[in-house]
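**Student:** give me a model of this one.
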Amino acid sequence: MWRLPGKTLPPKLLSCKRAMATHSLSTAACLIIGDEVLNGKIREANSYTFAKFCFEIGLDLQRIEVIGDEEDEIVEACQRMAKKYDFVVTSGGIGPTHDDITYQSVAKAFDLPLALHDETVQRMKRMGRRKIDPNDKAAVAAQMRMATLPYGSTPAESDYLYTLENSWVPVVCVASKIHILPGIPQLFNGLLFGLRQHILPRVPPSQRKHRLLVTTNKMESEMAPFLTELQSRVNDKGIKIGSYPHMSAGINTVSIIGKEEYLEYMRGLVREVEDTLEGSEISVEDEAKLSLRS
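**Tutor:** Next up, the predicted model:
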């Protein structure tokens, strides 16, 4: 059931069921919202989590953007990203305080009203760790802000999904593109990876990518001419060649990223890089350990 201030909804809308959008997914973007990120109060980690999520399931993450708690900026960014990308995640701004304005801003961006969502309210009452004194009207009203969500009459306008079993917080999807998540990393991670089972079937398997890695003692300036020529050779296949220094270990890593259909071709590139740069292939897991040391 929904409650819109000053409006009575038709019964079929009060009880309508929602389903996540079904359009296929190729591109992605991440919108980090919060003054605390821009003023250095917190270290932002959710975009990194989202980047790993996208790579693992085959989404092409094309943009990460950080903006403050400003309604006009949120509206503009959401409208722009919904036009350009298939799957957009926002992080932050859905708490109970005055500066938490993501729900209202996204609703405004797509000309939707806000409404109290009874299912979220009930889950909040059952699963909330701390109970608010019901006589504290101001605190109750602030808490209800977190259950006052963009309302659309069709799934294309607004969808709602609870992807984390032990949390009352929903993933709110607006305009089939914008997925609103909290900024708290623990919640963000749980809700995002809970979305995986719903998102993965909509990502064509042909889009999924592999990352192959070669370590070498060569300096980047020594590698540069060969890697430049190699990149020009594989541009038509969409393969990306990169080099990354691990200063504490005194070695560099060459990265080769491409789609599933070119995996065998990429394995040939690994052998060429090993021979040319006197290097050796390394696993993603072992390279991650090097990154932690750098």
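**Student:** contacting residues for residue 278?
**Tutor:** Counting by Cβ atoms under 8 Å, 6 or more residues apart in numbering, residue 278 touches 216-218. (C-beta placed from N, C-alpha, C; glycine too.)
**Student:** please redo it, this time with the cut-off set to 7 Å
**Tutor:** 216, 218 (Cβ atoms under 7 Å, 6 or more residues apart in numbering).
**Student:** equivalent analysis for the one 4 residues further on, please.
**Tutor:** Each residue near residue 282 by Cβ under 7 Å, 6+ apart is listed here: 213-215.
**Student:** mind putting these into TSV with neighbour count, pLDDT and secondary structure?
**Tutor:** Listed next are the contacts of residue 282 as TSV, based on neighbours: other Cβ atoms under 10 Å; pLDDT from 0 to 100; DSSP: H, G, I helix; E, B strand; the rest coil:
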residue	neighbour count	pLDDT	secondary structure
213	23	97	strand
214	23	97	strand
215	21	96	strand
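**Student:** just these now: which is nearest residue 147?
**Tutor:** Closest approach between those and residue 147, by Cβ to Cβ: residue 213, at 45.4 Å.
**Student:** how far away is the closest one from residue 262?
**Tutor:** 16 Å (Cβ to Cβ, to the nearest Å).
**Student:** same question, residue 245
**Tutor:** Applying Cβ to Cβ to residue 245 and residue 262 gives a distance of 26 Å.
**Student:** comparing those two, which residue is more hemmed in?
**Tutor:** Comparing residue 245 with residue 262 by other Cβ atoms under 10 Å, the one with more neighbours is residue 262, at 19 against 13.
**Student:** so that one is in contact with residue 237, correct?
**Tutor:** Yes. Judged on Cβ atoms under 7 Å, residue 262 makes contact with residue 237 at a distance of 5.3 Å.
**Student:** where do the strands sit along the stretch 101-250 of the chain?
**Tutor:** 114-117, 148-150, 158-161, 171-174, 178-181, 209-216, 240-246 (DSSP state E, counting those that start in this stretch).
**Student:** ok, the fifth one: who's next to it in the sheet?
**Tutor:** Translated: strand 178-181. strand 87-91 (parallel), strand 171-174 (antiparallel) (DSSP bridges).
**Student:** next one: the longest one
**Tutor:** In the sheet, strand 209-216 lines up against strand 251-259 (antiparallel), strand 280-282 (antiparallel) (DSSP bridges).
**Student:** and what of the shortest one?
**Tutor:** When sheet partners are counted by DSSP bridges, strand 148-150 sits next to strand 114-117 (antiparallel).
**Student:** now the last one
**Tutor:** Here strand 240-246 has these sheet partners by DSSP bridges: strand 251-259 (antiparallel).
**Student:** and the next helix or strand after the strand it pairs with, what's buried?
**Tutor:** As assigned by DSSP states H and E, the chain's next helix or strand after strand 251-259 is helix 263-277. Residues of helix 263-277 classed as buried: 266, 269-270, 273-274, 276-277 (neighbour count, 16 or more other Cβ atoms under 10 Å).
**Student:** could the C-alpha coordinates of helix 263-277 be exported in CSV?
**Tutor:** Provided in CSV are the C-alpha atoms of helix 263-277 (Å, rounded to 0.1, in the frame of the first residue of the first chain):
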residue,chain,number,x,y,z
LEU,A,263,40.1,-15.3,-25.0
GLU,A,264,42.4,-17.6,-27.1
TYR,A,265,43.7,-14.7,-29.1
MET,A,266,44.5,-12.9,-25.8
ARG,A,267,46.4,-15.9,-24.5
GLY,A,268,48.6,-15.6,-27.6
LEU,A,269,49.2,-11.9,-26.6
VAL,A,270,50.2,-13.1,-23.2
ARG,A,271,52.9,-15.3,-24.7
GLU,A,272,54.1,-12.4,-26.9
VAL,A,273,54.3,-10.0,-23.9
GLU,A,274,56.2,-12.6,-21.9
ASP,A,275,58.7,-13.1,-24.7
THR,A,276,59.1,-9.4,-25.6
LEU,A,277,59.3,-8.0,-22.0
